[in-house]
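*Asks:* Mind folding the following:
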Amino acid sequence: MESPFKPDILKGRVALVTGGSSGIGLEIARQLGLHGARVAISGRRQDVLDSAVAALAAEGITALGLQGDVRSAASCEGWIASLEQRWGPGLDVLVNCAAGNFLATAEELSPNGFKTVMEIDALGTFNTSRAAFPALKASRCPSGAAVVNISATLQYGATWWQAHASAAKSAVDSLTRSLALEWGEFGVRVNGIAPGPIEETAGMAKLAPGAKEFVQSTIPLRNQMGRKWDIAMAVVFLASPAAAFVSGDVLVVDGAAWMWRPQLVERRAVSRASRGVEGRSRAVGLATEEKAGGGAGAGGPVSKL
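*Replies:* Predicted structure coming up:
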């Protein structure tokens with residue numbers, strides 16, 4: 001896909017993407033790099049990080065791998081120190097993308113399973129943002145530093161078998177608003193992105209196995225799942241000067257899927273019924289006008305002021 005943004009729109013920026021060694025996070029890192037940024041990615045597995053950094057470098061992107069766990073405040077603080085040692089003071093873009101999820105009924109979900117997802121998603125977002133705050137304040141970007149928290153739409157109503165992830169993403173959205181409120185005076189913009197069903201991701205394979213056609217049928221926009229590219233482009237937008245006055249918002253990128261409901265009445269039936277109702281309404285209206293004013297043809301007024 002061809003980007004709608006200038007290739008140097010993020011030139012000179014330094015970005016950190018947690019969970020950036022695979023999936024949506026890697027595509028976000030890739031697009032930030034292709035648009036001019038130097039990109040650091042974090043992850044728990046060194047071999048996966050090394051492969052991701054090599055893939056980014058093969059496309060001419062300056063990239064750095066940072067091993068560690070977002071659940072550890074010490075890891076997050078160490079990443080920022082490594083970034084500043086490598087590329088100097090200041091961080092311009094932080095993308096909190098690290099996440100965990102799995103299917104479980106609420107009654108069979110262990111307290112440890114619930115806690116793990118809450119810690120990766122919510123605590124991890126807090127830990128990294130808090131550790132990065134001094135570097136974000138030191139950003140020299142005219143449009144200010146940008147934090148983008150990758151959320152979800154699970155929590156907008158309710159989602160089967162994902163009570164833990166729904167609770168965690170609700171916390172992430174709330175944190176997005178709180179940080180935007182508190183950090184605005186320092187020129188730090190904080191926003192979120194809520195992806196819908198994204199094809200070719202571990203999430204789809206793990207959370208909706210064998211249900212691709214059904215999932216696509218619940219997406220109003222062309223009945224197609226989104227692409228990792230769609231989420232990455234949304235991040236580029238929020239990191240760019242085009243979003244210089246956008247903060248505290250969560251951008252839903254899901255083809256209107258979170259609003260989907262099954263059709264209770266088929267489209268053609270609605271069309272036929274509405275034409276019949278409108279036809280009767282027009283007939284009644286004309287009859288009323290004729291009775292009240294004699295009709296335009298009789299010279300009488302249709303209505304009185």
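
*Asks:* outside of the host helix or strand of Ala57, which residues touch it?
*Replies:* Using DSSP states H and E, Ala57 falls within helix 46-58. With contact meaning CB atoms under 8 Å, 6 or more residues apart in numbering, helix 46-58 is reached by 20-22, 26, 29-30, 33, 39, 41-43, 63-67. (C-beta placed from N, C-alpha, C; glycine too.)

*Asks:* buried ones in that helix?
*Replies:* Val48, Leu49, Ala52, Val53, Leu56 (16 or more other CB atoms under 10 Å).

*Asks:* and those residues as JSON lines, adding pLDDT and distance to Lys169?
*Replies:* JSON lines is the format used below for the buried residues of helix 46-58 (pLDDT from 0 to 100; distance: CB to CB, whole Å):
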{"residue": "Val48", "pLDDT": "96", "distance to Lys169": "24"}
{"residue": "Leu49", "pLDDT": "97", "distance to Lys169": "25"}
{"residue": "Ala52", "pLDDT": "98", "distance to Lys169": "24"}
{"residue": "Val53", "pLDDT": "98", "distance to Lys169": "28"}
{"residue": "Leu56", "pLDDT": "98", "distance to Lys169": "27"}
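
*Asks:* The stretch 51-200 of the chain: helices as residue ranges?
*Replies:* 73-87, 111-118, 124-137, 163-183 (DSSP state H, counting those that start in this stretch).

*Asks:* Same list, those helices, but as TSV with mean pLDDT, mean neighbour count and distance to Thr218 please.
*Replies:* As requested, the helices of the stretch 51-200 of the chain are arranged in TSV below (pLDDT from 0 to 100; neighbours: other CB atoms under 10 Å; distance: least, CB to CB, whole Å):
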stretch	mean pLDDT	mean neighbour count	distance to Thr218
helix 73-87	97	17	36
helix 111-118	97	14	24
helix 124-137	98	22	27
helix 163-183	98	20	17
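
*Asks:* For Ala243, find the nearest of the ones you listed.
*Replies:* helix 163-183 (12.2 Å; CB to CB).

*Asks:* relative to helix 111-118, how tilted is the closest one?
*Replies:* With axes from the mean of the first three to the mean of the last three CA atoms, to 10 degrees applied, the angle from helix 163-183 to helix 111-118 works out at 40 degrees.

*Asks:* can you give me the offset of helix 163-183 from its chain's centre?
*Replies:* 13 Å (CA atoms, centre = their mean, to the nearest Å).

*Asks:* Might you report the residue contacts of Leu221?
*Replies:* Gly255, Ala256, Ala257.

*Asks:* Just the ones of the residues you listed in strands?
*Replies:* Among the contacts of Leu221, no member falls in strands (criterion: DSSP state E).

*Asks:* nearest to His164, of those residues?
*Replies:* Ala257 (20.8 Å).

*Asks:* Quick check: the gap between the closest one and Gly157.
*Replies:* Using CB to CB, to the nearest Å, Ala257 is found at 12 Å from Gly157.
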